[in-house]
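>>> build me a structure from this.
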Amino acid sequence: MDELFLFVRPPRPLWPFNGPGSAFWPPLAFASLAAALREKVRDLRVAILDAPALKMGWKSVTAEIRRLRPTYIGIGEEAVSCLEGLCVAALAKEAGARVIAGGCFFGNVGPQALQTGLIDVVVQGEGEETIVGLIPALRSRQAGDLRQVRGIHFLDGEEVVFTGHRPPIPNLDDLPFPAYDLLPAERYGQGSRNHAGLAAIESSRGCTAVCEFCVLWRQMGRFRGGRLAPVIRTKSPERLRQEIRVLVRNYGRRYLGWVDPCFNAHPRVPRQLAELLLRDNLRLGQSAWVRADYLLRDENSGALETSIEAGLNELYLGIERAEKEDLELIKKGYINGEVAAALRILEERYPSVFTLGSLIYGLPSDTPRSVWRLARRAYQLPLDMTFFIPLTPLPGTPYWKPEMWDPTGQTYRDFDFLPHVDGDARQARLTMTLFVAMALLWPRQRLGRTLSSLWGRHARRRSITRRHLSRTVPFVARGIVRGLLNQGGHYGMRIPEWYNS
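Now for the predicted structure:
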């Protein structure tokens, strides 16, 4: 039996604030799924085609799929690139392959995705155990066998079958090392000044929080009594140390991008790992999403200082809102000034750490005045970079409605987490207010932070700040002009020159 399972990340647009060297992180989920298949299904060949990393456009991807003639093709797109995922599925069907879709987007629209006729099976939740059990069932071509595989949607005639929720993997140390060898590792971070030698790595899955807008904790959560609850699982420090050694020694990786929904959810593992890295004299640059309240805890325990000493130098904080009632509405949990306290500590004690904060606008109660107030409060925080993200109704969250489904995927081009001045009239007004605030609001905290970042003594901060401003200023200026002229169309995501090559 000479079957090939090919995971495909198709050509896709570029987010406007990323440079070409760090625009596309390694598809870690594909590497983990491929490793599970390779370990458990020994007579199956496995490969990954990462078109963006290789700068392969649609002509090249089409030719490669026809050349390889895979038996199965796996896709797993975000909402914004659903269109590209469906295009790959169409190519797969032309090549006679069966299509398995998964991830945070397709996993939450299983019945609808199946109705396109382009997808055979949709995997919901974590996929390593599911996909291993799926291959024998697909080989038998019997619907009865597919019904025995938990965690999937499929069509049995006209019936959409859901086989039930699969529990999340309890011990992440049981997973094989991701199949880094199937990725073009040298391509990630190539040419990047601040993220050279980039690697994606996970220390944990799940979260301790239940933020209303977030799909990640739901993707990695556990159903109990018919209700979804968050659950956090963490790899052991020794297992993480071994993964990092492989990335450094075998693949020359020098910067770790932690993909955890919340890197500091566990109170001990980050510090224990940092101690092991320091013992090995492995001081690697690292970025991570963290919670502010846990930063305060980690500062008190010494974990924060140890992690920063081991190389943690870029922190992303989901601040979301400034008003207590808004934070309670979206179930964020920051209601006692944790963000301001954590940022003061970082500013005073760890000035080499670059801080980025994300804030959400477009809540049902938002008005131009509340958005202006949100921007003003955000710019009074000691942040190096601030991103304002429109509330996005991602599938799986309470903001998604069934009528939002679009079988072409074109609608989800707007799910790019970028401010838009076209489309919905209310959202356009809020965005215009935000753009004007971004241009005109310069309280002393924002001005001082920007100037010190541009001409301060930390070279990395200078570099990131200059590049960020060089991309943000034109983006905001174009947005204001388009809003004043009432121009529609997409102006945020950029189609790379190699997209159709």
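
>>> sec struct for residue 315, please.
Classification of residue 315 using DSSP: H, G, I helix; E, B strand; the rest coil returns strand.

>>> isn't it right up against residue 292?
No: using C-beta atoms under 8 Å as the test, residue 315 is too far from residue 292 to be in contact (9.6 Å). Yep, even glycine has a C-beta here, placed from its N, CA and C like the rest.

>>> looking at those two, which one has more neighbours?
residue 315 (27 against 24; other C-beta atoms under 10 Å).

>>> tell me the contacts of the more buried one?
For residue 315, the contact set (C-beta atoms under 8 Å, 6 or more residues apart in numbering) comprises 287, 288, 290, 295, 346, 353, 354, 355, 356.

>>> now with 6 Å, please.
Applying C-beta atoms under 6 Å, 6 or more residues apart in numbering to residue 315 gives the contacts 290, 353, 355.

>>> repeat for residue 314
287, 354.

>>> repeat that with 10 Å
Contacts for residue 314 (C-beta atoms under 10 Å, 6 or more residues apart in numbering) come out as 194-195, 255, 257-258, 285-288, 353-356, 384-385, 460-461, 464.

>>> from those, which ones fall inside strands?
Residues of these located in strands (DSSP state E): 255, 257, 258, 285, 286, 287, 288, 354, 355, 356, 385.

>>> now which of those would you call buried?
255, 257, 258, 285, 286, 287, 288, 354, 355, 356, 385 (16 or more other C-beta atoms under 10 Å).

>>> and which of the residues you listed is nearest to residue 320?
residue 356 (13.3 Å; C-beta to C-beta).

>>> so what sits opposite that closest one in the bridge?
Note on residue 356: beta-bridge partners by DSSP bridges are residue 316, residue 385.

>>> circling back: overlap in contacts of residue 315 and residue 292?
Counting by C-beta under 10 Å, 6+ apart, the common neighbours of residue 315 and residue 292 are 264, 342, 343, 346, 357.

>>> buried ones in the strand or helix carrying the fourth one?
If I follow you right, that is residue 346. Per DSSP states H and E: residue 346 is located in helix 338-349. Judged by neighbour count (16+ other C-beta under 10 Å), helix 338-349 contains these buried residues: 338, 339, 340, 342, 343, 345, 346, 347.

>>> tell me the contacts of the last one?
When contacts are counted by C-beta under 10 Å, 6+ apart, residue 347 is found next to 353, 355, 381, 382, 383, 384, 449, 452.

>>> quick one: low-confidence residue ranges for the stretch 351-500 of the chain.
Low-confidence segments of the stretch 351-500 of the chain (pLDDT under 70): 488-491.

>>> what would the contacts of residue 315 look like in a markdown table with distance to residue 329?
Listed next are these as a markdown table, based on distance: C-beta to C-beta, whole Å:
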| residue | distance to residue 329 |
| --- | --- |
| 290 | 22 |
| 353 | 30 |
| 355 | 25 |
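
>>> now, among the buried residues of helix 338-349, which is nearest to residue 105?
residue 339 (29.1 Å).

>>> next, the contact list for the closest one, please.
291-293, 295-296, 317-322, 327, 332, 357, 378, 381, 383.

>>> per-residue confidence for it?
Note on residue 339: pLDDT of 94.

>>> neighbours of the residue nearest to residue 192 when sequence neighbours are not counted, how many?
In space, and not counting its chain neighbours, residue 192 is closest to residue 21: 2.9 Å by C-beta to C-beta, 6 or more residues apart in numbering. Residues near residue 21, counting by other C-beta under 10 Å, number 17.

>>> about what we covered before: from the ones in strands among the contacts of residue 314, pick the one nearest residue 76.
Using C-beta to C-beta, the ones in strands among the contacts of residue 314 come closest to residue 76 at residue 257, 18.0 Å.

>>> touching, the closest one and residue 188? I think so.
Yes: in this structure, residue 257 is within contact of residue 188 by C-beta atoms under 10 Å, at 8.9 Å.

>>> shared neighbours of these two, anything?
Residues touching both residue 257 and residue 188 (C-beta under 10 Å, 6+ apart) are 22, 25, 26, 195, 198, 199, 200.

>>> okay, those residues in JSON lines with pLDDT and distance to residue 398 next?
Compiled in JSON lines, the shared contacts of residue 257 and residue 188 are given as follows (pLDDT from 0 to 100; distance: C-beta to C-beta, whole Å):
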{"residue": "22", "pLDDT": "76", "distance to residue 398": "32"}
{"residue": "25", "pLDDT": "92", "distance to residue 398": "28"}
{"residue": "26", "pLDDT": "95", "distance to residue 398": "31"}
{"residue": "195", "pLDDT": "93", "distance to residue 398": "34"}
{"residue": "198", "pLDDT": "96", "distance to residue 398": "34"}
{"residue": "199", "pLDDT": "97", "distance to residue 398": "34"}
{"residue": "200", "pLDDT": "97", "distance to residue 398": "29"}
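
>>> specify which member of those residues is nearest to residue 184.
Distances from residue 184 to these, taken by C-beta to C-beta, are shortest for residue 26, at 8.9 Å.

>>> just the helices in the stretch 251-400 of the chain please.
269-279, 292-301, 303-309, 324-329, 338-349, 368-378 (DSSP state H, counting those that start in this stretch).

>>> comparing the ones you listed by mean pLDDT, which bottoms out?
helix 324-329 (a mean of 91).

>>> could you say what helices and strands that helix packs with?
strand 312-320 (3 or more C-beta pairs under 10 Å, 6 or more residues apart in numbering; DSSP states H and E).

>>> output the strand it packs on in PDB with nothing but the alpha carbons.
Taking Å, rounded to 0.1, in the frame of the first residue of the first chain, the C-alpha atoms of strand 312-320 are listed here in PDB:
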ATOM      1  CA  LEU A 312      11.900  35.900  27.200                       C
ATOM      2  CA  ASN A 313      12.000  39.300  25.500                       C
ATOM      3  CA  GLU A 314       8.600  39.900  23.800                       C
ATOM      4  CA  LEU A 315       5.300  39.700  25.700                       C
ATOM      5  CA  TYR A 316       1.800  39.900  24.200                       C
ATOM      6  CA  LEU A 317      -0.900  40.900  26.700                       C
ATOM      7  CA  GLY A 318      -4.600  40.600  25.900                       C
ATOM      8  CA  ILE A 319      -5.800  43.800  27.600                       C
ATOM      9  CA  GLU A 320      -9.100  43.900  25.700                       C
END
